[in-house]
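Peer 1: Build me a model:
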Amino acid sequence: MNEISEEQKYLLRKLKTKSYPPDIVIHRIWEFLKEKPDDEPLDPMWLDIWNEYKEYAARAPSRVIKEIDKIIRSIKPIDDEIYNIKINDDAKVVFLLGAGASAPSGIPTVDKLLEELWKRARKIGREDLDRLARWCNDRGITNIEDLLTAAYISNFAARNPNITALLDYFIFSGSRTLSEEEEYLFRRRRSLRTTEIDVSSISFLQDTLQTLFGLLTSTMISASPNPTHEAIVNFIKEHSNTSIITTNYDGCMDEALLKEKIPLKGTISGENEENPEAVRLIKMHGSINWAYCDSCQDVKEFDLLELKKTYEMDKLSYPVLGICKKCGGLRRPLLVPPLSFKFLMFPNLIDIWNSARQSIEEADYLIVVGYSFSEADTYITKIISRSMAMKDTQKMIIVNPDYKLVPMLRERFSAHIDRFDEKRIFKACGNSEKILPEILKSILDKKSSTKKKSKKG
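Peer 2: Coordinates of the predicted model:
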């Protein structure tokens, strides 16, 4: 797929921040559209920008305005075929929610987490954390996943001298022959590195980073549901054969359901499993109201709404660290940090992951909202790919502002699934809180009409 040019990105940024004087805006847009290569796609953001700037078109020739309008109106952020989807009672629908679904609730997405972590670290006043923050900032390291993964790998490697030596070999020497000077520097660096390794310091740093991560996620306790969650709840009221899988720690989806008196199942507590009225909510990466004990591995789920109420009334602070009632050990929030190898580290969530896999494989429609299919979540991507291969009638709707995501997925699945029909993946490009309610209402339209007729009869 052709990429959007740097010129287009630059122009969009300028227009979005209103950096151009109004009298030259239309001229600048027209010049870009005339010179743009025919095969360069237009970002769906143009639709909102054109609606905003069209008021400045009074002085421009009508021919130019009509041509600009025609070009921009040709952008289709949402596949028309989505509005042809109408489900019956037997259709199993599964929602997969990512960070983008909760972003409108004021919760930072993964690319913003490290910045927020450093803000909290500065409040502690520890020199080693401040030094690490400066080091990362100087080198442009902005991904919290890279930082936490490196901390865990460092701790593991430092406790295993053979692995440390092998990492040294693979990273610093490889299979090539070193020059005499490189050999000297390598040996000197290796000896220094071996003597300077401080396992306790690395372990302490890792533990501190995880605690900071817990503090960071504690900001989610005050977040409230947004129109994305509310639209899903309204959908479930009409179509009970629905499950929800989320990679988010926050309680926005839980709260939206609970406030409508809809019971939950599929959580760590195992409650309501036999209740036919309960909706399956699977939180693959843990939840802010789940906790586990480092010592006895006991897992506990606390009442989310009660926890939120207590916190907001300032009767009790959010328990990033607590004491286990069973054994007296340290109890932490059961949260999967954004690590590259996260699925290897949390055996307490194996049943949750298996439940998610089963739900995806049984789905007739998979509606993916705000989930980016990042490289760190290859586990989830492989589950979906396997499911799409096993069930050739399964369809997927992707609700995401990233215009490149659906073409990437179509290409990826076509490469891995024999005779894959790319039309099984539908694009809904935009912010979920704006477009999801309309899409779900359309999907339910025929079903709602049938219900109304049966009531009249």
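Peer 1: Which residue ranges of the stretch 301-450 of the chain form strands?
Peer 2: Under the criterion DSSP state E, counting those that start in this stretch, the stretch 301-450 of the chain contains strands at 322-323, 330-335, 365-369, 395-400, 425-429.
Peer 1: export those to JSON lines and tack on distance to residue 84?
Peer 2: Every residue, glycine included, has its C-beta placed from N, CA and C. Below are the strands of the stretch 301-450 of the chain laid out as JSON lines (distance: least, Cβ to Cβ, whole Å):
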{"stretch": "strand 322-323", "distance to residue 84": "51"}
{"stretch": "strand 330-335", "distance to residue 84": "40"}
{"stretch": "strand 365-369", "distance to residue 84": "13"}
{"stretch": "strand 395-400", "distance to residue 84": "11"}
{"stretch": "strand 425-429", "distance to residue 84": "10"}
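Peer 1: Can you tell me which of those strands is nearest to residue 114?
Peer 2: Residue 114 lies closest to strand 330-335 among these, at 15.8 Å (Cβ to Cβ).
Peer 1: buried ones in that closest one?
Peer 2: If you call a residue buried by 16 or more other Cβ atoms under 10 Å, then strand 330-335 has these buried ones: 331-335.
Peer 1: thinking again about what came up before, quick check: which of the strands of the stretch 301-450 of the chain is nearest to residue 7?
Peer 2: strand 425-429 (20.7 Å).
Peer 1: elements contacting the closest one?
Peer 2: Judged by 3 or more Cβ pairs under 8 Å, 6 or more residues apart in numbering; DSSP states H and E, the packing partners of strand 425-429 are strand 395-400, helix 405-416, helix 432-456.
Peer 1: between the ones you listed, which one is nearest to residue 33?
Peer 2: Nearest of the helices and strands packed on strand 425-429 to residue 33, taken as Cβ to Cβ: helix 405-416 at 21.7 Å.
Peer 1: quick revisit: go through the buried residues of strand 330-335 and say which is closest to residue 68.
Peer 2: Distances from residue 68 to those, taken by Cβ to Cβ, are shortest for residue 335, at 47.9 Å.
Peer 1: Now residue 44: closest residue in space that isn't a chain neighbour?
Peer 2: The shortest distance from residue 44 to any non-neighbouring residue, by Cβ to Cβ, 6 or more residues apart in numbering, is to residue 77 (3.7 Å).
Peer 1: and the one you found, how many neighbours does it have?
Peer 2: 17 (other Cβ atoms under 10 Å).
Peer 1: what about it, distance to residue 271?
Peer 2: Residue 77 sits at a distance of 40 Å from residue 271 (criterion: Cβ to Cβ, to the nearest Å).
Peer 1: Closest one of the buried residues of strand 330-335 to residue 427?
Peer 2: Nearest to residue 427 among the buried residues of strand 330-335 is residue 335, at 31.5 Å by Cβ to Cβ.
Peer 1: Now for the nearest residue to that closest one once chain neighbours are set aside, how many residues are close by?
Peer 2: Closest residue to residue 335 apart from its sequence neighbours, by Cβ to Cβ, 6+ apart: residue 286 at 4.3 Å. For residue 286, the count of nearby residues is 24 (other Cβ under 10 Å).
Peer 1: For residue 286, give me its contacts.
Peer 2: 249, 333-336, 346, 349 (Cβ atoms under 8 Å, 6 or more residues apart in numbering).
Peer 1: Using pLDDT, spot the least trustworthy of these.
Peer 2: In this model, the minimum pLDDT among the contacts of residue 286 belongs to residue 346 (80).
Peer 1: Surely it and residue 336 touch.
Peer 2: Yes: assessed by Cβ atoms under 8 Å, residue 346 is found in contact with residue 336 at 5.5 Å.
Peer 1: any idea how far residue 335 is from the residue nearest to residue 324 when sequence neighbours are not counted?
Peer 2: Leaving out its chain neighbours, the residue that sits closest to residue 324 by Cβ to Cβ, 6+ apart is residue 293, at 3.8 Å. From residue 293 over to residue 335 the distance is 14 Å, taken as Cβ to Cβ.
Peer 1: Same question for residue 224.
Peer 2: Counting by Cβ to Cβ - residue 224 and residue 335 are separated by 20 Å.
Peer 1: cool, residue 274 as well?
Peer 2: Per Cβ to Cβ, residue 274 is found 28 Å from residue 335.
Peer 1: swap in residue 133?
Peer 2: 21 Å.
Peer 1: Give me the mean pLDDT for stretch 392-400.
Peer 2: On average, stretch 392-400 scores 97.
Peer 1: thinking again about what came up before, which of the helices and strands packed on strand 425-429 sits closest to residue 259?
Peer 2: In terms of Cβ to Cβ, the element of the helices and strands packed on strand 425-429 nearest to residue 259 is helix 432-456, at 17.2 Å.
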